[in-house]
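# build the 3D model from these lines:
(chains A and B)
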Amino acid sequence: MTPLLLVVLVPIAAGLFGWLIGRLRNEFSFIGAVLTLYFAVRLFISSRGSPAVFELVRFTGLNVSFRLDALSGFVLLFVAAFGVLVTLFSFRYMKSWTGVRGYFLYVMLALAGANGVLLAANLPTLLFFWGLLLVLLYGILLVGRTGAERAASKALVIVGLSDFAMLLGVALLLVKNGWVDLVPRAPMPLNDPLMITAFVLVAVGALAKAGSMPLHSWIPQASETSPATVMALIPASIDKLLGIYLLTRLSVSMFNIASNMALRNVLMAVGAVTILGGVIMALVQKRVTRLLSFHAVSQVGYMVLGIGTGTPIGIAGGLFHMLNNSIYKTGLFLSSGTVEHWTKTDEIDKLGGLARQMPLTFFSFLVCAMAIAGVPPLNGFVSKWMVYQGVVEIAREGNRLFPVFLVAAMLGSVLTLASFLKLLHAVFFGQRPAELSRVREGGFTMWLPTISLALLCIAFGVFAYWLPLRHLIYPSLPFDVDPIGIWQPELVTVLMFIALGVGAVIYLLGTARKPVAGRTFVGGERIADNEESRVTGTAFYSSVKNLPVLGDLLRFGEAGSFDLFNWVRGVLGGLGSALRVVLDETIDKAFGLLGRFVLVVGAGVSKLMTGMLPLYVSWVFFGAALFYLILVLR
Amino acid sequence: MLPLFIIVPLCGAFLIPLLSRLWKGLADVVGNLVGAVLVGFAVYGVAALAGGSLPAVYAMGGWMPPVGIVLVYDSLTALVVLITNLVGFPALLFSTRYLDQYTGRWKYYSLFMLLLAGLNGVALSGDMFNMFVFIEIAAIASYALVAFGTRAEELESGFKYMVMGEVGSLLILLSVAMLYAHTSTLNMADMARVLQAGGLTPLSWFVLATMLVGFSIKMAMMPFHSWLPDAHLSAPAPVSAMLSGVFIKVLGVYAMSRVVFNVFGLTRSVAPQFFNLLVGLGLLSIIAASLLAINQKDYKRLLAYSTVSQVGYIVLGLGIGNYWAIVGALFHVLSHAVTKGLLFLASRSIERQTGTREIGNLGGLERNMPVTSWSYVLGSLSMSGVPPFAGFFSKLFIIVGAVEARMYWPAIVAGLFSVLTLGYLLKVINNVLFVNRDRNSSLVREAPAPILVALVMLTALALAFGLGFRPVLDWIVNPAAKVLTIPLTYAQMVLGG
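Got it, this is the predicted structure:
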């Protein structure tokens, strides 16, 4: 059998075996994930050559087939890698959760579904696996604490809604063009309204998958009830990879986004709003996973902004940021999972001072946090840098809005750094609450995944041009990317190490080693032992809440007003109640009177005619009159 | 073998009262045996039709058409007979344990057999008046079955249903009479030829309108739907499953499309206003019934409204009237029959084990009743069109058809409201099956084996129709859609030449 099929079938088989033979669940899942990775590596290597096509089903007008090229090859590789790491991490972490049996099945099936999406050669095939992932998303979000059902159904409705938008878009394209390949011979132009509508509809599906605003609200809610591994696997890595993968396909190979400036502006605006909205919400969170989930939303903004620029460097930057984000965001969720696993809490107020007890977790969290904040020379900086360059480049095409987008992106980056400083301080520094004194590092199944992700962040940052850009990103794009700005991460790294070394020398030789000793505190108490005087991190940015406009917006957002789901539910509920009032009550009363009249007239009529039946029959005659009007009297 | 579809259940109906004198359990045995045999026949029929080894026209008593009465078995009939018996058998299986609460087991089975005979008869009949007779057989059996519990509210809704149903039947009879007067023949194929020769006269429009009202009552389209929620509420669950899943499709959708497409030979280009009326009816039902469904507190009533809106999809597809839309509508006939049957049986299984139908009184049943719960969840996903279940393909095809006909608004409504379907079904799933684990549900146990077998059978079918959509399209739906899209082949096939 060809690896194209095996990469989808192997995880399904492993998941089912693990589900049936619960005793060997971990083993089956791990073997399944590793085998998938093996086939993904083989596919990745073969994808460096010419694209391969494999036809599954052919039927009049329907053609289900797989296709492998450079872009899907590298995303496939990373989906499989995250699958292995998260499975490894789950062995220990999931022990304290209920519903583990279903969890491993869903994880394996989600891997299969993601591989199916990546290999799909045309939109309908993609749609099939996309829908499969929707079901799995619902299932996997049900594994969790009390209240998981609500998050799961919210996710199902929001993602379902956007999937149907996508379905409509696909239907439009099917009718207009016959069969819709993801990579047609030449990109279709984006000029007639039908094509633009189709683009927007399919893009809505892609953006909702990636978690862009305003379709993001299920992610923070799910983060409160779901295991950290679920967050790490689904919203942080697989969903980002798939959503941005589809958006790239859509705007680079199916259509040519560069041909329509208005659409580019819309995409960039969505990106800018997502960056700022997500990060501002993140600043005021009190729980680690919820805070991380808002960053998961915020980071999507950079990818959308980069692709929205429509310039080669911007698109490459967006794609690179997708890769980087999934690496460090998975690392962050997994390390926060380690912390939560040993401390049994993820409330920032109850954490502190864990750096010494969990050095490995601290290291990986630190590296990933610096990467997401865009600190050079880590990978997050390089991709953001490329996105900035893309934004600057649109100025050459006469776009006057570029300063707005640039400022939004940079401000977002600063705020991200601020938010992570707070988190680092609150979790790993500061004073340790008394009950956390026995916390220690987890086993290797927990630190190995996080450390490898952190090292990957460093490698992809320092050797950005040698490794990921040259071998992963540039080959997947149909155009040549020539970076305009100058950024040499290797040199900067060397310089930074020199600077650090000099600092260390000064520290060791200088006065820092000889602190002034003396009693200056006259109160008599030792602060460290006093619980009340412990400084926690949640109040770091509460001054944001007091700013005039921003603060109002923030309170508004916290109350759920930005939540599209609440809006939709409100509108539909209102319509429903209005209709009930009209149909069931008003008309009911009117016809009830009529019915009583009939009842009085025909005094002998059975008591069973409660006044409802005449109503029913009068509806029939009303309808019949309408039909005669339409059909006979035309 | 064509008459066997009618004779077997009819014999069953009359044997059951006699045999159950010997031993009460024989009613169960004979009833289920008939159900299983009919499934076998229906599957064999589909296969034989695809292989071309089945004579498609059977002249009763050897009297040749157009004088004699004929039974016609073409691809459309095959599809309808298939769903009738595929849902009928699990419903019968479910009944074995369900009837424990009632007396008069043999009466129930006799009526059920009559219902099956009537439904198969409607599908097979090639004669206008005969079709009406079978409609009445099925309808009268269903009135009695709805009121089977014989408590006050059951009798009341049975009575309402009967009055409404008879209004519909009378209108159908009236239009049959007018057609007979106009064409001097009752054979549908012959009638088609006469009508084709004469063109569309004002009389034919009058007949069409009358007939559409009659069939709309049978299909429970808004605003003719009002009998359906009450009837479903008081009917025994297997009967609800038959009513929603099969009855309204055979008596309403099948009979209407047979007459409209094959006898009158209408296509969208000939009679746009008729098709637009169907689109309007479908949309009204989809929208209003879904919105009504959200607000229901009783999960069976919620399902009843959802039936109205799902049949709206079928009528919408027929109304759009191009190839893909009709394929979608027929696929939806298939997928909705299976899934709605499944949902009614599953919800009845929950009611049986817990004793309540209020969504608000239940919670956390997934632990206690895993099989029932998961079949309910999978059925809901299929119903709201989530791939890879059967419901996805039917909605996809309807939407593709709508876009192809440049009807963008119906396409958008169809897409949006299937999310709403998901929304109201999730309301049940979340509140009944998952949340509130602590709510006094610890004593509830899983339903007995025959019920579970019936549920698993239907779930497997919903999944099989989705995963195996290609064979289903190839063998069942596509040929049936061809019968409707090339309307005049019917007359040729029956009369020859």
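
# ok, and the closest non-adjacent residue to the closest residue to chain A within the stretch 1-150 of chain B?
Nearest to chain A in the stretch 1-150 of chain B, going by Cβ to the nearest Cβ, is B:A147, at a distance of 10.9 Å. Bear in mind the C-beta positions are built from the backbone N, C-alpha and C, glycine included. Computed as Cβ to Cβ, 6 or more residues apart in numbering or on different chains, the closest residue to B:A147 that is not its neighbour in sequence is B:G158, at 2.8 Å.

# quick one: low-confidence parts of the chain?
I'll assume chain A. A:1, A:57-62, A:178-179, A:483-492, A:506-508, A:510-612, A:634 (pLDDT under 70).

# actually chain B
In chain B (pLDDT under 70), the answer is B:53-55, B:435-443, B:497.

# show me what contacts the most centrally placed residue in it?
Among the residues of chain B, the one closest to the centroid is B:V246, at 2.2 Å (Cα atoms, centre = their mean). B:V246 sits next to B:83-84, B:87-88, B:119, B:337, B:341 when contact means Cβ atoms under 8 Å, 6 or more residues apart in numbering or on different chains.

# so can I have JSON lines of the residues you listed showing distance to A:S223, neighbour count and secondary structure?
Output for those, formatted as JSON lines (distance: Cβ to Cβ, whole Å; neighbours: other Cβ atoms under 10 Å in any protein chain shown; DSSP: H, G, I helix; E, B strand; the rest coil):
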{"residue": "B:I83", "distance to A:S223": "44", "neighbour count": "26", "secondary structure": "helix"}
{"residue": "B:T84", "distance to A:S223": "49", "neighbour count": "30", "secondary structure": "helix"}
{"residue": "B:V87", "distance to A:S223": "43", "neighbour count": "31", "secondary structure": "helix"}
{"residue": "B:G88", "distance to A:S223": "48", "neighbour count": "29", "secondary structure": "helix"}
{"residue": "B:L119", "distance to A:S223": "51", "neighbour count": "33", "secondary structure": "helix"}
{"residue": "B:A337", "distance to A:S223": "41", "neighbour count": "31", "secondary structure": "helix"}
{"residue": "B:G341", "distance to A:S223": "39", "neighbour count": "33", "secondary structure": "helix"}
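
# I'd like to know which of the residues you listed is nearest to B:D474.
B:I83 (17.2 Å; Cβ to Cβ).

# could you give the number of residues near the residue in chain A positioned nearest to chain B?
Residue nearest to chain B within chain A (Cβ to the nearest Cβ): A:G131, separated by 3.4 Å. When neighbours are defined as other Cβ atoms under 10 Å in any protein chain shown, A:G131 has 24 of them.

# ok, and the closest non-adjacent residue to it?
B:P387 (3.4 Å).

# can you give me the neighbour number for the one you found?
B:P387 has 27 nearby residues by other Cβ under 10 Å.

# look up phi and psi at it.
The phi/psi pair for B:P387 (degrees, to the nearest 10) reads phi -70, psi 150.

# about what we covered before: could you identify the most distant pair in the contacts of B:V246?
So, the contacts of B:V246 by Cβ to Cβ: farthest apart are B:L119 and B:G341, at 13.3 Å.

# one step back: hmm, the residue nearest to B:A147 is touching B:A141, no?
No - checked against Cβ atoms under 8 Å, the pair B:G158 and B:A141 is beyond contact range at 12.0 Å.

# give the contact list for residue 250.
I went with chain A, as the question did not name one. A:L250 neighbours (Cβ under 8 Å, 6+ apart): A:199, A:202-203, A:206.

# chain B is the one I meant
B:80, B:84, B:119, B:122-123, B:138.

# roughly how far apart are it and B:L82?
11 Å (Cβ to Cβ, to the nearest Å).

# what residues are shared contacts of the two?
Counting by Cβ under 8 Å, 6+ apart, nothing touches both B:V250 and B:L82.

# follow-up on the earlier one: next helix or strand past the host helix or strand of the residue nearest to B:A147?
B:G158 belongs to helix B:152-183 when assigned by DSSP states H and E. Remark: after helix B:152-183, the chain's next helix or strand is helix B:188-198, criterion DSSP H and E.

# how close does B:A147 get to A:W619?
Distance from B:A147 to A:W619, by Cβ to Cβ: 22 Å.

# got it, and B:G317?
24 Å.

# of these two, which one has the most company?
Higher neighbour count among B:G317 and A:W619: B:G317, with 33 against 19, using other Cβ under 10 Å.

# list the contacts for whichever residue of chain B sits closest to chain A?
Here the residue of chain B nearest chain A is B:P387; by Cβ to the nearest Cβ that distance is 3.4 Å. B:P387 sits next to A:127-128, A:130-132, B:393, B:466 when contact means Cβ under 8 Å, 6+ apart.

# now, which of those residues sits nearest A:M446?
Nearest to A:M446 among these, with distances taken as Cβ to Cβ, is A:L132, at 29.7 Å.

# next helix or strand past the particular helix or strand that has A:L455 in it?
Under the criterion of DSSP H and E, A:L455 resides in helix A:444-462. Sequence-wise, the next helix or strand downstream of helix A:444-462 (DSSP H and E) is helix A:474-476.

# same for that next one, what does it pack against?
Helices and strands touching helix A:474-476, by 3 or more Cβ pairs under 8 Å, 6 or more residues apart in numbering or on different chains; DSSP states H and E, are helix A:70-93.

# helix or strand right after the helix it packs on?
Next in line after helix A:70-93, if elements are assigned by DSSP H and E, sits helix A:100-119.

# just want the angle from the very next helix or strand once past that next one to helix A:100-119.
Beyond helix A:100-119 on the C-terminal side, the first helix or strand identified by DSSP H and E is helix A:123-142. Relative orientation of helix A:123-142 versus helix A:100-119 (axes from the mean of the first three to the mean of the last three Cα atoms, to 10 degrees): 160 degrees.

# now the element after helix A:123-142, going C-ward?
helix A:148-177.

# how about the residues of the stretch 51-200 of chain B that lie near chain A?
B:155-156, B:159-160, B:163-164, B:167-168, B:171 (Cβ under 8 Å from any Cβ of the partner chain).

# now do 7 Å
Taking Cβ under 7 Å from any Cβ of the partner chain as the contact definition, the stretch 51-200 of chain B meets chain A at B:156, B:159-160, B:163-164, B:167.

# who wins on neighbours among the residues you listed?
Going by other Cβ under 10 Å, B:M164 tops those with 25 neighbours.

# what residues are up against that residue?
A:616, B:217, B:227 (Cβ atoms under 7 Å, 6 or more residues apart in numbering or on different chains).

# separation between the first one and B:M242?
Think A:Y616. 22 Å.

# quick one: which of the two has more around it?
B:M242 (30 against 22).

# isn't that one up against B:A91?
Yes - using Cβ atoms under 7 Å, B:M242 makes contact with B:A91 at a distance of 5.5 Å.

# okay, now A:M261: neighbour count?
There are 15 residues near A:M261, going by other Cβ under 10 Å.

# got the contact list for it?
A:N399.

# cool, B:Y424 as well?
So B:Y424 contacts B:290, B:293-294, B:302, B:306 (Cβ under 7 Å, 6+ apart).

# which ones among these are found in helices?
Counting by DSSP state H, the contacts of B:Y424 place B:290, B:293-294, B:302, B:306 in helices.
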